[in-house]
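Trainee: mind folding the following:
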Amino acid sequence: MVQVSRDLQQELVLLRVSMEQPAMQYPEIWLRDNCQCPKCYMQQTRSRLPHGWNNLDTAVHVQQLSWCVERQVLQIVWSDGHHSDYTYSWLKERDFSLENRARYLRDFYRPEPKHWCGQQFEGIQREFQYQELLSSDEALLQWLHHLAVHGLALVKQAPLEADVLRNLCNRVGFMRRTTYGDEWSVRAQPGASNYAYLAAPLPLHTDMPYFEYKPGVTLLHTLQQSDSPGGWNLISDAFHVADLLRQRHPSAFQVLSQTPVDWADRGSDKDLTFHNIWREPVINLDANGQYRRINHSIPQRDSHFSVPPHQVRPWYEAMALFVRLANEQACTFKTSPGDVLTFDNLRMVHGRTGYDDTDHNVRHIVGAFVDWDIAYSRWRVLRRSLGYYK
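Mentor: Reported below is the predicted structural model:
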């Protein structure tokens with residue numbers, strides 16, 4: 001038997017299913033805002049109607065409270081005379097308990113990332129088959145989930161064809177276009193406009209920190225691999241590096257999370273001339289102090305540094321420590337033709353060793369991006385269609 005009551009002091013409606021379980025709890029003003037009746041909610045668009053906010057009465061409170069056993073519905077008459085009904089299943093999903101909020105954030109919002117050090121690489125690395133990702137929704141879901149949790153996954157046995165990355169991106173949603181087009185080729189080029197197009201060693205970095213909306217997932221398809229001793233991939237979990245700074249060097253962590261840095265990319269590609277600038281710290285935090293994104297690229301850090309002079313040396317000292325730790329935590333491997341390396345560009349710093357580039361020894365990588373908004377949307381749709389949401 002469901003019991004309903006009110007906590008007058010905290011202005012909560014309490015719903016208790018059994019004495020062995022804690023009561024589910026709902027703020028009264030939130031319930032009024034989320035009334036499900038046709039006057040307040042449009043089922044067709046799955047959204048509340050906005051007119052009630054023109055003159056929102058924040059003093060509204062419950063006048064009468066009851067539970068309909070037959071319909072399994074919470075019934076409320078409000079102080080403004082409005083009537084609202086809420087089904088049990090709807091309420092259960094939205095319980096404000098700490099446990100239920102954590103479940104929603106983990107299972108519906110985004111999977112919780114698991115940070116890793118370089119020595120753990122073999123344990124977290126996972127391979128997926130290209131054709132299976134195209135044909136199996138379950139495989140696609142597992143790939144997206146692994147990318148979200150660990151930030152890195154390798155796709156194997158892709159054909160050496162031009163449409164591989166587009167096929168993968170279209171399975172998720174669509175490609176993210178940038179100033180370098182939908183896709184770009186990474187190979188040694190004379191007169192290169194970007195440092196990545198050189199055969200010299202490429203230090204650890206994130207792609208395109210000069211964009212406010214930085215591409216989220218990087219996909220790198222190996223078409224040709226250098227036979228020279230070089231060309232090895234380097235990758236490091238920068239969220240783990242930030243963890244180390246936070247634990248061992250809190251002052252350096254504070255500097256790198258609070259000092260804005262000017263990131264820039266100026267040049268031309270094909271018929272487009274561009275000058276991109278974005279100012280943001282190396283370590284970006286959200287309102288809860290969780291990592292939102294990492295910005296790092298030595299070639300694309302501008303010579304303009306728009307901070308007071310006394311903040312400059314502390315930033316360089318903290319940044320030198322970040323780079324040293326990232327290199328210490330980096331893992332190395334070498335992709336083969338047909339491999340597609342995929343990773344979280346908001347989290348991972350990646351690079352490669354230098355290599356010898358000749359007419360008979362060529363390294364050719366094709367790259368593309370998918371935004372995390374699109375990837376997370378696909379992840380949720382797949383989880384629902386495959387029965388992960390009960």
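Trainee: which residue ranges of the stretch 151-300 of the chain form helices?
Mentor: 164-172, 238-248, 250-258 (DSSP state H, counting those that start in this stretch).
Trainee: so residue 302 sits against residue 279, correct?
Mentor: No: applying Cβ atoms under 8 Å, one finds residue 302 not in contact with residue 279, separated by 9.1 Å. For the C-beta atoms, the positions are set from N, CA and C on the backbone; glycine is no exception.
Trainee: what sits in contact with each of those two?
Mentor: 262, 263 (Cβ atoms under 8 Å, 6 or more residues apart in numbering).
Trainee: start to end distance for stretch 74-86?
Mentor: Using Cα to Cα, to the nearest Å, the end-to-end distance of stretch 74-86 comes to 5 Å.
Trainee: and stretch 363-375, by the same measure?
Mentor: 29 Å.
Trainee: in this structure, what secondary structure element scores lowest on mean pLDDT?
Mentor: When the helices and strands of the chain are scored by mean pLDDT, DSSP states H and E, strand 183-186 comes last with a mean of 89.
Trainee: tell me the strands beside it, with direction?
Mentor: strand 364-370 (antiparallel) (DSSP bridges).
Trainee: please identify which helix or strand holds residue 65.
Mentor: strand 62-68 (DSSP states H and E).
Trainee: okay, that strand in PDB with CA atoms only?
Mentor: Written as PDB, here are the backbone C-alpha positions of strand 62-68 (Å, rounded to 0.1, in the frame of the first residue of the first chain):
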ATOM      1  CA  VAL A  62      -0.200  21.500  -1.900                       C
ATOM      2  CA  GLN A  63      -3.800  22.000  -0.700                       C
ATOM      3  CA  GLN A  64      -5.000  18.300  -0.900                       C
ATOM      4  CA  LEU A  65      -2.900  15.200  -1.300                       C
ATOM      5  CA  SER A  66      -4.200  11.700  -2.100                       C
ATOM      6  CA  TRP A  67      -3.300   8.300  -3.700                       C
ATOM      7  CA  CYS A  68      -5.600   6.600  -6.200                       C
END
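Trainee: does residue 341 really touch residue 217, like I thought?
Mentor: No: using Cβ under 8 Å, residue 341 makes no contact with residue 217, being 11.0 Å away.
Trainee: mind checking which of those two has more residues around it?
Mentor: Just comparing residue 341 and residue 217: by other Cβ atoms under 10 Å the higher neighbour count belongs to residue 217, 25 against 20.
Trainee: for the strand holding residue 65, packing partners?
Mentor: strand 3-7, strand 73-78 (3 or more Cβ pairs under 8 Å, 6 or more residues apart in numbering; DSSP states H and E).
Trainee: go through whatever helix or strand comes next after the last one and flag the buried ones.
Mentor: Tracing the chain past strand 73-78, the next element assigned as helix or strand by DSSP H and E is strand 83-87. Counting neighbours by 16 or more other Cβ atoms under 10 Å, one finds that the buried residues in strand 83-87 are 84, 86.
Trainee: next secondary structure element downstream of strand 83-87?
Mentor: Per DSSP H and E, the first helix or strand lying C-terminal to strand 83-87 is helix 88-93.
Trainee: can you give me the buried ones in that following helix?
Mentor: For helix 88-93, burial by neighbour count (16+ other Cβ under 10 Å) applies to 88, 91.
Trainee: pLDDT of the helix or strand following that helix, averaged?
Mentor: Downstream of helix 88-93, the first helix or strand assigned by DSSP H and E is helix 98-104. The average pLDDT for helix 98-104 rounds to 95.
Trainee: residues in contact with helix 98-104?
Mentor: With contacts defined as Cβ under 8 Å, 6+ apart, helix 98-104 is touched by 24, 93, 94.
Trainee: what do you get for stretch 262-280?
Mentor: With Cβ under 8 Å, 6+ apart as the contact definition, stretch 262-280 has outside contacts at 179-181, 193-194, 208-212, 260-261, 295, 297, 300-302, 304-306.
Trainee: ok so, going back, could I get the helices of the stretch 151-300 of the chain as TSV with distance to residue 44, mean neighbour count and mean pLDDT?
Mentor: Listed next are the helices of the stretch 151-300 of the chain as TSV, based on distance: least, Cβ to Cβ, whole Å; neighbours: other Cβ atoms under 10 Å; pLDDT from 0 to 100:
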stretch	distance to residue 44	mean neighbour count	mean pLDDT
helix 164-172	27	19	98
helix 238-248	40	20	98
helix 250-258	44	18	98
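Trainee: to residue 364, which of the ones you listed lies closest?
Mentor: With respect to residue 364, and counting by Cβ to Cβ, the nearest of those is helix 164-172 at 12.9 Å.
Trainee: picking that back up, of all the helices of the stretch 151-300 of the chain, which one is nearest residue 224?
Mentor: Comparing these by Cβ to Cβ, helix 164-172 comes nearest, at 13.7 Å.
Trainee: about what we covered before: tell me the one among the contacts of helix 98-104 nearest to residue 355.
Mentor: residue 93 (52.9 Å).
Trainee: enumerate every residue touching the closest one.
Mentor: Counted by Cβ under 8 Å, 6+ apart, residue 93 has contacts residue 104.
Trainee: residue 366 versus residue 172, what's the distance?
Mentor: 17 Å (Cβ to Cβ, to the nearest Å).
Trainee: ok, residue 28 - how many residues close by?
Mentor: 21.
Trainee: isn't it right up against residue 11?
Mentor: Yes: between residue 28 and residue 11 there is a contact under Cβ under 8 Å: 4.8 Å.
Trainee: which neighbours do these two share?
Mentor: Contacts common to residue 28 and residue 11, judged by Cβ under 8 Å, 6+ apart, are residue 61.
Trainee: many thanks, I have nothing further to ask.
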